[in-house]
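Trainee: Predicted structure and sequence below. I'll ask about it afterward.
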Amino acid sequence: MHRSLSPWWLAAWLTVAGSVHAEEALIQARTLVVDPHLDTVQAQGEILAARRYGTFWSTGDAALARAALAPDFMDRTLPPGRAQGLPGPLAASEGFRQAVPDLRCEIEQMIVAGDRVVSHLRFTGHFSGRFQGRQGQGQAVNFIATDIYRVQDGRIAENWHLEDNLTLLQQMGLVAL
């Protein structure tokens, strides 16, 4: 099937496909709900941005974050000490991968409506690295996060997110059960 690509779509696609991943290599949502009134091209662009960002969290591949996030990306629930914009997620991923080197992310559900995408993510791996001065002993981690993205021109312009950090810290042995 042939489809014409608008300039933003082509630029975003070439950024990833030409250097790192083809669209098929990105993680898929287990459940995908799309507003039937949404323009197909717009929906595809929003889904692609969310899949790229989910795959970034699963792989740590910075090129995917650069392709998924708008140049003026804003984290609207910025944790203390995290840099705003693209540097924030890049540093967070790198730091978390030091603690959980085999970190994987799955998109449990994705809901696409208007210019918003809600992604329900599941993170898994083993705490075998270092975090907050503690060395992991290979403890399994399995926790969820929910992100709300505002997508503009096929890239995530804003993100509101909530992670189940209590579960994560309990599984790592950093907080008592």
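Mentor: Yes, it's here. Note that the structure is predicted; figures quoted are calculated from it, not measured. Numbering: from 1, shown residues only.
Trainee: Outside of the top strand by length along the chain itself, list whatever touches it.
Mentor: In the chain, with assignment by DSSP state E, the single longest strand is strand 139-152. Residues from elsewhere that reach strand 139-152, judged by C-beta atoms under 8 Å, 6 or more residues apart in numbering: 45-46, 49-50, 53, 70, 100, 108, 115-127, 156-165, 167-168, 171-173. Just so you know, the C-beta spots here come from the backbone N, C-alpha and C atoms, and that holds for glycine as well.
Trainee: Can you flag the buried ones in those?
Mentor: 45-46, 49-50, 53, 70, 100, 117-123, 125-127, 156-159, 161, 163-164, 168, 171-172 (16 or more other C-beta atoms under 10 Å).
Trainee: just for the protein, where's the confidence low?
Mentor: Scanning the chain for pLDDT under 70 picks out 1-22, 24.
Trainee: the helices in it, which residues?
Mentor: 7-17, 40-59, 62-68, 87-99, 165-171 (DSSP state H).
Trainee: Of all the ones you listed, which one comes closest to residue 31?
Mentor: Smallest distance to residue 31 across these (C-beta to C-beta): 12.6 Å, for helix 40-59.
Trainee: Spit out the contact partners of residue 99.
Mentor: Listed by C-beta under 8 Å, 6+ apart, the contact set of residue 99 reads 127, 129, 130, 131, 136, 172.
Trainee: same thing but at 7 Å, please
Mentor: By C-beta atoms under 7 Å, 6 or more residues apart in numbering, residue 99 lies in contact with 127, 129, 130, 131, 136.
Trainee: try residue 124
Mentor: Taking C-beta under 7 Å, 6+ apart, one finds 104, 141, 142 in contact with residue 124.
Trainee: Now, of those residues, which are buried?
Mentor: Buried among the contacts of residue 124 by 16+ other C-beta under 10 Å: residue 141.
Trainee: For the contacts of residue 124, give me CSV that also has distance to residue 77.
Mentor: Formatted as CSV, the contacts of residue 124 follow (distance: C-beta to C-beta, whole Å):
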residue, distance to residue 77
104, 23
141, 21
142, 22
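Trainee: Make CSV from the helices of the chain and add distance to residue 28 to it.
Mentor: Formatted as CSV, the helices of the chain follow (distance: least, C-beta to C-beta, whole Å):
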stretch, distance to residue 28
helix 7-17, 16
helix 40-59, 7
helix 62-68, 15
helix 87-99, 20
helix 165-171, 24
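Trainee: Could you say which one of these comes nearest to residue 79?
Mentor: Closest among the helices of the chain, using C-beta to C-beta: helix 87-99, at 8.0 Å.
Trainee: Can you point out the buried residues in that closest one?
Mentor: 88, 89, 90, 93, 96, 97, 99.
Trainee: Return the closest of those with respect to residue 66.
Mentor: residue 90 (8.7 Å).
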